[in-house]
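Q: coordinates only, sequence not included:
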């Protein structure tokens with residue numbers, strides 16, 4: 001997406017305000033226009049007498065992209081009429097503006113809630129969505145300086161409606177004047193958080209390719225800025241950091257605002273609704289990472305409803321360039337639909353599994369096969385993981401088990417090849433952001449694929465063994481001695497097949513732990529190099545941990561399941577293997593301890609591993625490992 005203005009200046013409030021005028025094509029489409037007024041209109045005072053539309057010297061970016069004729073219609077704009085001060089009788093005492101109480105933000109919210117669903121309010125919201133880009137540059141006085149001029153209910157309602165229009169207008173959101181010190185501080189934190197997002201978690205959540213693209217789309221929805229900044233700050237200063245807490249509070253308030261839901265569900269501009277949906281998508285990850293179950297349920301339901309209302313799954317191949325963000329949002333919501341069903345143990349059930357869609361993967365607009373292949377692998381990984389939990393719901397067929405295992409093995413091999421190719425490019429000196437995103441996504445995909453393979457064999461042979469490591473379900477006396485070919489829980493005496501499944505579980509668990517070790521080593525070397533390269537002390541923080549999406553913590557807990565099954569199957573004679581397992585679990589526990597500073601949900605997984613490690617240590621002959 002081409003940026004036609006300085007987004008950083010726009011968002012930092014230092015740039016010049018954009019013109020509220022638009023060419024005919026952009027005006028009819030109710031879209032923003034970055035074109036310049038033809039000189040014949042701009043210089044002549046009698047433009048109203050011109051009878052024909054004037055063609056622009058240079059087409060705006062939208063007309064150039066869509067191959068439209070960029071024409072401007074002459075008009076006489078006198079601006080907003082000056083309000084007349086209401087005459088006050090001499091015998092009526094005047095209200096002192098010095099003692100006048102300003103309406104604070106909480107009062108504004110209360111007013112908004114009280115009038116939101118009235119007939120007048122709905123008409124006002126409709127006008128807001130239709131004319132926002134035409135009205136947002138018209139300067140208006142604050143309500144606190146005009147409230148003494150209006151007395152009638154109609155005039156007060158008009159002032160409230162104007163205040164809502166101003167609050168939801170991009171120009172007023174990003175260019176409040178004057179700037180207070182607290183506003184400047186918030187703006188700096190916003191800038192820094194967005195930059196951190198694209199060097200951190202944004203690599204694992206590929207909704208936006210660059211900071212400039214996000215800032216351009218944020219014209220439609222400023223909540224997008226705060227959700228991205230929240231995720232960005234979390235990786236560098238932790239979820240309890242001052243900037244992260246501030247951004248998360250702002251993001252929550254904006255996402256939960258009534259006007260946000262109106263724009264999300266009922267905006268006549270589909271693209272505006274899609275941008276709001278992208279902000280809500282990032283908010284889902286924030287709620288999951290913060291272990292906010294009620295918020296997670298609410299946001300997921302809102303996102304699903306909005307996606308179906310906007311018909312994102314039926315865009316097909318039409319308007320490739322204009323619907324690239326729509327494709328990203330749809331497939332990201334599909335990933336969320338799959339992964340949240342697994343992460344919440346079915347409390348948030350899937351709703352998109354029955355939808356058939358032919359919408360291409362992101363990258364189709366530019367025919368970028370590399371991006372499409374990465375998205376394809378990501379979607380297949382989470383879909384296969386979610387499908388594992390329903391594969392044996394009706395019956396358990398061994399042939400079905402090994403067919404699914406073969407499918408997983410093939411996808412794992414494909415992901416390994418793509419990851420190896422990306423790592424070779426990195427070793428060759430390629431430091432492109434696109435490559436960093438590819439490496440991060442492929443790493444997370446492999447973790448999910450290995451975890452899915454563990455679950456596949458667990459659900460077939462050991463369905464009664466859940467992942468509650470604090471329980472006694474992993475004590476050896478509670479599990480059949482698989483090494484003696486005793487009957488499986490299915491009642492079928494086939495010890496060789498059980499042993500094969502145990503081997504697959506152990507291999508997948510070891511692969512997860514191996515990826516964790518590789519990631520830890522690379523992260524340590526990166527931070528060490530960064531510290532050594534700094535000639536003097538700076539205020540710049542280094543990331544707390546490497547860049548991955550929040551559900552990665554669950555994969556580390558799943559890896560310990562394989563160690564438990566293997567220890568139970570080998571019995572007490574394999575003491576060295578038990579010690580190795582305790583050591584590996586300790587490594588995963590320490591990794592989750594660091595991740596807890598960023599994502600509180602990792603603290604739950606860490607506690608489970610801690611209880612499990614203590615349980616295993618009690619069965620060993622030595623107490624040095626406990």
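A: Ah, there it is. Computed from a prediction, not measured in an experiment: that's the story for all the values here. Residues are numbered from 1 along each chain as shown.
Q: Now do the buried residues in the helix or strand harbouring residue 283.
A: Using DSSP states H and E, residue 283 falls within helix 270-289. By neighbour count, with 16 or more other CB atoms under 10 Å as the criterion, the buried positions of helix 270-289 are 271-289. Where you see a C-beta, it was placed from the backbone N, CA and C, and this is true even at glycine.
Q: try stretch 413-432
A: So stretch 413-432, judged by 16+ other CB under 10 Å, has buried residues 414, 415, 418, 419, 422, 423, 426.
Q: Give me the angle between the helix or strand following the helix holding residue 283 and helix 270-289.
A: Towards the C-terminus, the helix or strand next in line after helix 270-289, according to DSSP H and E, is helix 293-309. Interaxial angle of helix 293-309 relative to helix 270-289 (axes from the mean of the first three to the mean of the last three CA atoms, to 10 degrees): 160 degrees.
Q: Return the set of buried residues in helix 293-309.
A: Within helix 293-309, the residues that qualify as buried are 295, 296, 298, 299, 300, 302, 303, 304, 306, 307, counting by 16+ other CB under 10 Å.
Q: go on, stretch 502-518?
A: Of all the residues in stretch 502-518, those buried under the rule 16+ other CB under 10 Å are 502, 504, 505, 506, 508, 509, 510, 511, 512, 513, 515, 516.
Q: Same list, the residues you listed, but as TSV with pLDDT please.
A: Output for the buried residues of stretch 502-518, formatted as TSV (pLDDT from 0 to 100):
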residue	pLDDT
502	85
504	91
505	89
506	88
508	93
509	91
510	91
511	93
512	93
513	91
515	93
516	91
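Q: Report the separation between residue 267 and residue 277.
A: Plainly put, residue 267 is 10 Å away from residue 277 if you go by CB to CB, to the nearest Å.
Q: Next: residue 377.
A: The spacing between residue 377 and residue 277, counted by CB to CB, is 24 Å.
Q: Now secondary structure too, for the buried residues of stretch 502-518, in a markdown table please.
A: A markdown table is the format used below for the buried residues of stretch 502-518 (DSSP: H, G, I helix; E, B strand; the rest coil):
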| residue | secondary structure |
| --- | --- |
| 502 | helix |
| 504 | helix |
| 505 | helix |
| 506 | helix |
| 508 | helix |
| 509 | helix |
| 510 | helix |
| 511 | helix |
| 512 | helix |
| 513 | helix |
| 515 | helix |
| 516 | helix |
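Q: Break this structure down into its domains, please.
A: Per automatic domain parsing, the structural domains of the chain span 7-72, 188-367, 426-534+541-619.
Q: which of those domains has the lowest average pLDDT?
A: Considering these one by one, the lowest average pLDDT is found for domain 7-72, at a mean of 70.
Q: and the nearest residue to residue 371 once chain neighbours are set aside, how many neighbours does it have?
A: The shortest distance from residue 371 to any residue that is not its chain neighbour, by CB to CB, 6 or more residues apart in numbering, is 3.2 Å, and that residue is residue 363. Number of residues near residue 363 (other CB atoms under 10 Å) recorded here: 19.
Q: and residue 363, what element?
A: Remark: residue 363 resides in no helix or strand, with elements defined by DSSP H and E.
Q: Against residue 336, how distant is it?
A: With CB to CB as the criterion, residue 363 and residue 336 are 20 Å apart.
Q: what do you get for residue 57?
A: According to CB to CB, residue 57 and residue 336 sit 46 Å apart.
Q: Tell me which of the two has more neighbours.
A: Between residue 57 and residue 336, counted using other CB under 10 Å, residue 336 has the larger neighbour count: 24 against 12.
Q: helix/strand/coil for that one?
A: For residue 336, the secondary-structure state derived from three-state DSSP is helix.
Q: so who does it touch?
A: Taking CB atoms under 8 Å, 6 or more residues apart in numbering as the definition of contact, the neighbours of residue 336 are 281, 284, 285, 300, 303.
Q: Which member of the residues you listed is positioned nearest residue 444?
A: residue 285 (12.6 Å; CB to CB).
Q: need the contact list for residue 330.
A: For residue 330, the residues meeting the contact criterion (CB under 8 Å, 6+ apart) are 307, 312, 313, 315, 357, 359.
Q: what's the answer for residue 302, then?
A: Shown here is residue 302, whose contacts under the criterion CB under 8 Å, 6+ apart are 261, 264, 280.
Q: The first one: how many residues sit nearby?
A: By the measure other CB under 10 Å, the count of residues near residue 261 is 16.
Q: Likewise for the one 4 residues further on?
A: By other CB under 10 Å, the residues close to residue 265 number 15.
Q: quick one: contacts for it?
A: Contact partners of residue 265, counting by CB under 8 Å, 6+ apart, are 273, 305, 306, 309.
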